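Enquirer: My questions concern the predicted model and sequence given below.
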Amino acid sequence: MCCWPRLRSSSRRKPEIRQASEIPQKCLAARTTGRYTTGVMWLKARVILVSLLAVCMIGCGEDIDPNEPQGFIQVKGSDTIVNAAQKVAEEFMKTYPHVFIAVTGGGSGVGIASLINKTCDVATASREMKPKEIEIAHKRKVDPREFVVAYDGVAVIVNLGNPVDRLTIEDLHKIFTGKATNWGQFGGKDLPIVTLSREVSSGTHLYFKEEVIQLGKKDSKEEFSRETLLLTSSQAIVEEVANNEGAIGYLGMGYLSNRTKSLLIAKNSEFYPADMDHVIKKSYPLSRPLFIYTDAEPQGVVKLLVDFTLGPVGQTQFLETGFVPIGATIAKED
Amino acid sequence: MPRKIDESTTPSFARLRRLAADVFVSLRWLWRKTSEPVIEFCIKISGLAVVIFVFLIFLFLLRDSLSLFRHYPLRKFLFSTEWLPISEPPTFGVVPLLLGSVYVTAWAIVICVPLGVGSAMFIAEVAPKPLKHVLKSLVEILASIPSVVLGFLGIIWLGPVLRNTFGVPTGMCGLTGSLLLAFMALPTIISISEDALTGVPKTYREAAFGLGATRWQALWRIILPSASSGILAAVMLGIGRVVGETMVVLMVTGNAPVMPKSILQPLRTLTATIAGEMGETVGGSEHYFALFAVGIVLFAITFSVNFVADLFLRRARK
């Protein structure tokens, strides 16, 4: 009992402090008189919290029709497609407000790897899956399904101040393997050529390597020149080319802008610009399809997304980002 | 004097209050008796956890990188000068990456050590007190700039400036990275060397002045040498920071896996390789294990640098 007087005196000095000995009394008082403001506030706060929670739960539960699609889709992969995919996702979420889609880039290799590692639902890719990757996927019990979503031309860009405006695939081969190192050799200024490439995770990197570095020969041992800068994004290539008169880089048509100049490219003798018409006609030599991959036959919301992407609204988004919709080439071929 | 309480007439709430007070007091007593060992135990566990984590990380790295050498010869990894991870067959030579890291780090240190130690000397010994406070907080702000922001500045501004100044083909080169990394290591170096300089006993200074030394002589010949081990530790920690930094070098050094001959050339560092390629590797592939092997090389470097720094710091305390 020795501390009893101390408790008393302190309660006299600071009556607003809650003391253990007063608690039962307070709770009583709070209900009846409202004299003890702290108790009432506690009660009020609790009432508000509970009602807020209730409103939230009603709000969430109220307007969801059980038949309406809901879920979460992770889309990962190609940097070439990432902007278009983002737009498709936004349109999709307008139509189906209870489906959330996260779109990230990183490169086709990243998308395919995460499909195999089961960390994404839909992989976007600007190249086909390699047989080796499909084999690994099957080992991991992943069964990749391929869909062509659009067509793209790989544009080769240089600085606006560079007088060179056309190159053959052969020239590109010499430049990117380091056999030619000066713009003077191609009718330009006497400047060293700075070759820019994407990181090895990029599908465009692989496509360019197969078509230009190895000239389409499977057994070729040619590599990118060791001096080639490997940049982490297509945007970084745009920045460097826009600032550097000696730079040359390649990227998907979706990244073309008036800050850089896109070259005319020839496979044999005819030069063609990287634009929609020539990709549709397949006369531009560096044209390729763009893909999305899913694990097994798409189902549920993923199927909805795939159908949406291949449907008119999805294809419009690809057209607006600078790609060729799938319908266009088929129509021309007929 | 004990209070008299008549149990029969006391209202029930007073009895309740007394009971509650007793419970309160006895709980407090219990807490006082037991809290010490409980807290001690918690602290011990968290201290041990750090050691265990480091050890586990090391084991994990070792296990995955050793898997590489089951298929790929160690000699080729250590001595090949080519890094071609997606070719058929791939070549994983760590030498160009290691040299890239060494070049960038060496230049960053050359740039930031004189600057850092110089400004530490100024802050510790020369600056008047108000200025000292301002400078110290500014250094802390410097430390809080995110590296990705610096990388962006490097691409947009520093790269083109360096290209025009040195007349090199591209601004995405080792020096851009070194400059930005030097900038990032500065706060570490400044604040630790400043601590070391302030820690020199006052008597040294007084003795020097008493012998007729000027302020500069005292600073240069007496204070700086006596703080030298602390300053060396600061430099080592700065190196650790620079070697391990990833974002800036990934963004601005161009990442060309060449054997670097000059700092004004694009080059590729260990950290940028891991960050740039890890996303696309399939878990369990050769490329994946190769990146772990690169990781263990990096770990070995930073570990030894930090170890040496620790040795110096210990000597400084003695």
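Expert: The structure has been received and is ready for your questions. Numbers count the residues shown, from 1 in each chain, chains lettered A, B, ... in the order given.

Enquirer: Tell me, how many residues neighbour A:H173?
Expert: If you count neighbours by other CB atoms under 10 Å in any protein chain shown, A:H173 ends up with 18. In short, each C-beta sits where N, CA and C put it, glycine included.

Enquirer: Repeat that for the one 5 residues further on.
Expert: Taking other CB under 10 Å as the neighbour definition, A:G178 ends up with a count of 15.

Enquirer: ok, the residue nearest to it when sequence neighbours are not counted - how many residues close by?
Expert: Nearest residue to A:G178, sequence neighbours excluded (CB to CB, 6 or more residues apart in numbering or on different chains): A:S225, at 2.9 Å. Per other CB under 10 Å, the neighbour tally for A:S225 reads 20.

Enquirer: do the same with the one 4 residues further on
Expert: Neighbourhood size, A:L229 [other CB under 10 Å]: 25.

Enquirer: next one: the one 5 residues further on
Expert: Neighbours of A:S234 under the rule other CB under 10 Å: 23.

Enquirer: shouldn't it be in contact with A:D79?
Expert: Yes: using CB atoms under 8 Å, A:S234 is in contact with A:D79, at 5.5 Å.

Enquirer: Next, show the common contact partners of the two.
Expert: Common neighbours of A:S234 and A:D79, using CB atoms under 8 Å, 6 or more residues apart in numbering or on different chains, are A:R198, A:T204.

Enquirer: Show me the domain layout of chain A.
Expert: A:71-151+A:290-333, A:152-287 (automatic domain parsing).

Enquirer: These: which one's closest to B:L311?
Expert: Minimum separation from B:L311 across those (CB to CB) falls at domain A:152-287, 37.3 Å.

Enquirer: Could you check how far the closest one is from the centre of its chain?
Expert: Its chain's average C-alpha position is 23 Å from that of domain A:152-287, according to CA atoms, centre = their mean, to the nearest Å.

Enquirer: what's the answer for stretch B:155-164, then?
Expert: On the basis of CA atoms, centre = their mean, stretch B:155-164 sits 27 Å off its chain's mean C-alpha point.

Enquirer: So that stretch, near chain A or not?
Expert: Yes: contact of stretch B:155-164 with chain A (CB under 8 Å from any CB of the partner chain) involves B:I155, B:I156, B:G159, B:P160, B:R163.

Enquirer: What does the spatially closest residue to B:G93 that is not a sequence neighbour show for phi and psi?
Expert: Leaving aside its chain neighbours, B:G93 sits nearest to B:S80 (2.9 Å; criterion: CB to CB, 6+ apart). Here is the backbone geometry of B:S80 (degrees, to the nearest 10): phi -70, psi 140.

Enquirer: same question, A:G71
Expert: Dihedral angles (degrees, to the nearest 10) for A:G71: phi 160, psi -170.

Enquirer: For it, which residues are in contact?
Expert: A:H98, A:V99, A:F100, A:G300, A:V301.

Enquirer: That one and A:L304, how far apart?
Expert: 9 Å (CB to CB, to the nearest Å).

Enquirer: that older thread, residues near the residue nearest to B:G93, how many?
Expert: 16.

Enquirer: Residue of chain B closest to chain A, please.
Expert: Taking CB to the nearest CB, chain A has its nearest neighbour within chain B at B:E280, 2.9 Å off.

Enquirer: my guess is that residue is in a strand, correct?
Expert: No: counting by DSSP: H, G, I helix; E, B strand; the rest coil, B:E280 falls outside a strand, being coil.

Enquirer: Touching, it and A:A113? I think so.
Expert: Yes: between B:E280 and A:A113 there is a contact at 5.1 Å, judged by CB under 8 Å.

Enquirer: Please say which of the two ends up with more neighbours.
Expert: Per other CB under 10 Å, whichever of B:E280 and A:A113 has more neighbours is A:A113, with 29 against 26.

Enquirer: Restrict the contacts of A:G71 to the buried ones and give me that as a PyMOL selection.
Expert: Listed next is the PyMOL selection for buried residues among the contacts of A:G71, using 16 or more other CB atoms under 10 Å in any protein chain shown:
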select buried, chain A and resi 99+301
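
Enquirer: thinking again about what came up before, reformat the domains of chain A as JSON lines; add mean pLDDT.
Expert: Shown next, in JSON lines, are the domains of chain A (pLDDT from 0 to 100):
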{"stretch": "domain A:71-151+A:290-333", "mean pLDDT": "88"}
{"stretch": "domain A:152-287", "mean pLDDT": "90"}
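
Enquirer: Can you add distance to B:S178 and give those domains back as a markdown table?
Expert: Below are the domains of chain A laid out as a markdown table (distance: least, CB to CB, whole Å):
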| stretch | distance to B:S178 |
| --- | --- |
| domain A:71-151+A:290-333 | 27 |
| domain A:152-287 | 17 |
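
Enquirer: If we ignore the residues flanking it in sequence, what's nearest residue 265?
Expert: In the absence of a named chain, this looks at chain A. A:P285 (5.5 Å).

Enquirer: my question was about chain B
Expert: Nearest to B:Q265 is B:C173, by CB to CB, 6+ apart, at 5.7 Å.

Enquirer: residues contacting the one you found?
Expert: Listed by CB under 8 Å, 6+ apart, the contact set of B:C173 reads B:G159, B:L162, B:T253, B:G254, B:I263, B:L264, B:Q265, B:P266, B:L267.

Enquirer: which of these lies closest to A:V324?
Expert: B:G254 (32.1 Å).

Enquirer: Now do that closest one against A:Y284, distance only.
Expert: 29 Å.

Enquirer: of the two, who's got more company?
Expert: Taking neighbours as other CB under 10 Å, B:G254 and A:Y284 compare with B:G254 leading, 29 against 24.

Enquirer: Can you report phi and psi for the more buried one?
Expert: phi 90, psi -20.

Enquirer: residue contacts, it?
Expert: A:L229, A:L230, A:L231, B:T170, B:M172, B:C173, B:P266, B:L267, B:R268.
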